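Undergrad: Predicted model and sequence follow; I will ask about them next.
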Amino acid sequence: MDMLWSGWGDPAEAAPLPDAVTGLLRDLLGVKPRETGTRPLAEIAVADPPPDAALRALARAVGGEEHVRTDAESRIRHTRGKSTPDLLKIREGDATDAPGAVVLPGGHDEVLAVLRVCAEHGLAAVPFGGGTSVVGGLAPERSAFVALDLRRMNGLTDIDPVSRTATLQPGLRAPDAEALLAEHGFTLGHFPQSYEWATIGGFAAARSSGQASAGYGRFDEMVLGLTVATPEGTLDVGRAPRSAAGPDLRQLILGSEGAFGVITAVTVRVRPLPRTRVYEGWRFASFEEGTAALRRLAQDGPRPTVLRLSDETETFVGLAQPDAIGAAEVPADAGCTAIAGYEGTEADTACRREQAAAVLRAAGGTYLGAEPGERWAHGRYSAPYLRDALLDAGAFAETLETATFWSRVPALYAAVRGALTKTLTAAGTPPLVMCHISHVYENGASLYFTVVSAQGEDAVAHWAPAKRAANEAVLRAGGTISHHHGVGTDHRAAYVREAGPLGIEALRAVKRRLDPDGVCSPGILLPSD
């Protein structure tokens, strides 16, 4: 199944907002119902495809014309990603960033052949896995480009139960990867919010981080080896768990977002399937108190598999449990909700729960039982569907994230909330700004913000200055411009500042060597020369 072209995921999973939420949006933010609906897909126009000579060459590269699609629907479904501006544009019928063709290679050699054809015919190539980018990672700075849909490359090609490693193809969706690994008694343990639709190659290319990162680690920590097709040939990196043989080239590819080539195989470490999973809720009087509790667990243990904390606003609105938002009355003194989850053997899980509970109670936490945790687990992938419902109701909803060291978390939190509130209020659309700590480390944490406001006269234009203000606040407060969404084009200018001139020139030098004609995702991650 393809993802909904004008929204997120499976249309059958979407649901309208509860009346309580609609009323809150109207009374608190002045949200008005949309006057116009989404333009029908059949009415959206796309530009002409590449010349016939290029299409014939692409067809030869991938084994036949059936693997090169130029129909309007296929191209629209591969237009941009799933950020709120992306969705608003496509709903209004704007397909100016549609690829000229959608090419479906069946293996590494075919990807190499496609890249050669693109170089010969002046086309750019953008890898397309699940299409879940929310930072402009699928819209290159070249109008003539093809989308490399990797869905045919969707297998588990090797499993080593002794070393606990597996080699996966890049177009394999996360649920399918988990199902294949489960047949051998293993799990990857990577469950980001995009889990149901994102792919293995996308996880690696964007340095993804899953909701269970406290226990399983980030995706870049799971990767042991990579195979990459570049316009200059094949790059194989990673032949041991760790190595002192020079700089780790795996880290050069992880997070490269298609700018250096196309990832065609990923070798990962896997873990035994957990025998039990337990999720539970805790309450803290304030975000500051809850943050201190999470820091204690992250630094001194025992660390749960899942550990997250919603601030007062997110707790009050109910976004800590997206599938139940508006379904229950939340007291005004609800404080902050934390979710702790434990996966593993029965004995290990029981031991960690008991020890962690002692730490959380000592830090001021009140145990809320299993219900909040189980409700979170049930709705852990529901937030993007909620965003679609908000857009349908006339609200603007978007997310952004960052990370910093523990000592800087309070200042970063205040700076980003303040920048968003000030900018959007000045535009006549005062926002509701919510936040949660989504990932924890010994030395710091990630902050994930959700912003809801009225759409204003031009929803895309109304968001742009707020996004710039938030980016500036992140940099000034010492945060990174992205913890797990990536750079794409939306964060590129801020990334240039974060990496510094010499760092960017070093990466450009790598790109010139691997991709001298600028075929691979031009303008994504790095500014075009």
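TA: Everything's here; your move.
Undergrad: Strands of the stretch 351-500 of the chain, start to end?
TA: 366-369, 395-405, 432-440, 444-454 (DSSP state E, counting those that start in this stretch).
Undergrad: Nearest to Glu498 among the ones you listed would be which one?
TA: Nearest to Glu498 among the strands of the stretch 351-500 of the chain is strand 395-405; the distance by C-beta to C-beta comes to 10.7 Å. All C-beta atoms are positioned from the backbone trio N, CA, C, and that covers glycine.
Undergrad: List the buried residues for stretch 433-453?
TA: Buried positions in stretch 433-453, judged by neighbour count with 16 or more other C-beta atoms under 10 Å: 433-441, 444-453.
Undergrad: what do you get for stretch 270-286?
TA: 270-271, 274, 277-284.
Undergrad: And for stretch 394-411?
TA: Neighbour-count burial for stretch 394-411 [16+ other C-beta under 10 Å]: 394-404, 406, 408-409.
Undergrad: Also stretch 1-13?
TA: Neighbour-count burial for stretch 1-13, with 16+ other C-beta under 10 Å as criterion, is recorded at 3-9.
Undergrad: Closest one to Phe203 out of those residues, please.
TA: Using C-beta to C-beta, these come closest to Phe203 at Met3, 16.4 Å.
Undergrad: sorry, back to before: got the buried residues of stretch 394-411 as TSV, with pLDDT and distance to Arg56 columns?
TA: As requested, the buried residues of stretch 394-411 are arranged in TSV below (pLDDT from 0 to 100; distance: C-beta to C-beta, whole Å):
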residue	pLDDT	distance to Arg56
Gly394	92	47
Ala395	94	47
Phe396	95	44
Ala397	96	44
Glu398	97	42
Thr399	97	42
Leu400	98	43
Glu401	98	43
Thr402	98	46
Ala403	98	47
Thr404	98	51
Trp406	98	57
Arg408	98	55
Val409	98	56
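Undergrad: what's the most distant pair in those residues?
TA: Farthest-apart pair in the buried residues of stretch 394-411 is Gly394 and Trp406; separation 38.8 Å (C-beta to C-beta).
Undergrad: mind checking the SS state of Asp220?
TA: What DSSP: H, G, I helix; E, B strand; the rest coil gives for Asp220 is helix.
Undergrad: I'd like the numbering to begin with 11 instead of 1 from here.
TA: Sure thing, new numbering starts at 11, so read that last one as Asp230.
Undergrad: got the contact list for it?
TA: Counting by C-beta atoms under 8 Å, 6 or more residues apart in numbering, Asp230 touches 214, 217-218, 261, 264-265.
Undergrad: Next one: it, what pLDDT does it get?
TA: With respect to pLDDT, Asp230 has a value of 97.
Undergrad: still on that earlier bit, go through the contacts of Asp230 and name the one nearest Glu353.
TA: Using C-beta to C-beta, Ser218 comes nearest to Glu353 of these, at 18.5 Å.
Undergrad: on that earlier part again, any chance of the buried residues of stretch 11-23 in a markdown table with secondary structure, distance to Asp104 and pLDDT as columns?
TA: Shown next, in a markdown table, are the buried residues of stretch 11-23 (DSSP: H, G, I helix; E, B strand; the rest coil; distance: C-beta to C-beta, whole Å; pLDDT from 0 to 100):
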| residue | secondary structure | distance to Asp104 | pLDDT |
| --- | --- | --- | --- |
| Met13 | coil | 18 | 93 |
| Leu14 | coil | 17 | 94 |
| Trp15 | coil | 13 | 95 |
| Ser16 | coil | 12 | 95 |
| Gly17 | coil | 15 | 96 |
| Trp18 | coil | 18 | 96 |
| Gly19 | coil | 21 | 93 |
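Undergrad: and which of those residues is nearest to Pro137?
TA: Nearest to Pro137 among the buried residues of stretch 11-23, counting by C-beta to C-beta, is Met13 at 16.0 Å.
Undergrad: re earlier: buried ones among the contacts of Asp230?
TA: Among these, those classed as buried by 16+ other C-beta under 10 Å are 214, 217-218, 264-265.
Undergrad: Adding pLDDT, write the residues you listed out as TSV.
TA: Below are these laid out as TSV (pLDDT from 0 to 100):
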residue	pLDDT
Ala214	98
Arg217	97
Ser218	98
Leu264	98
Gly265	98
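Undergrad: Columns distance to Arg518 and secondary structure on top of those residues, output as JSON lines?
TA: Output for the buried ones among the contacts of Asp230, formatted as JSON lines (distance: C-beta to C-beta, whole Å; DSSP: H, G, I helix; E, B strand; the rest coil):
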{"residue": "Ala214", "distance to Arg518": "21", "secondary structure": "helix"}
{"residue": "Arg217", "distance to Arg518": "19", "secondary structure": "coil"}
{"residue": "Ser218", "distance to Arg518": "24", "secondary structure": "coil"}
{"residue": "Leu264", "distance to Arg518": "18", "secondary structure": "coil"}
{"residue": "Gly265", "distance to Arg518": "16", "secondary structure": "coil"}
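Undergrad: For the stretch 411-539 of the chain, give me the ranges with low pLDDT.
TA: Judged against pLDDT under 70, the stretch 411-539 of the chain has no low-scoring part.
Undergrad: need the helices for it, in chain order.
TA: Ranges of helices within the stretch 411-539 of the chain are 419-436, 469-486, 502-509, 511-524, based on DSSP state H, counting those that start in this stretch.
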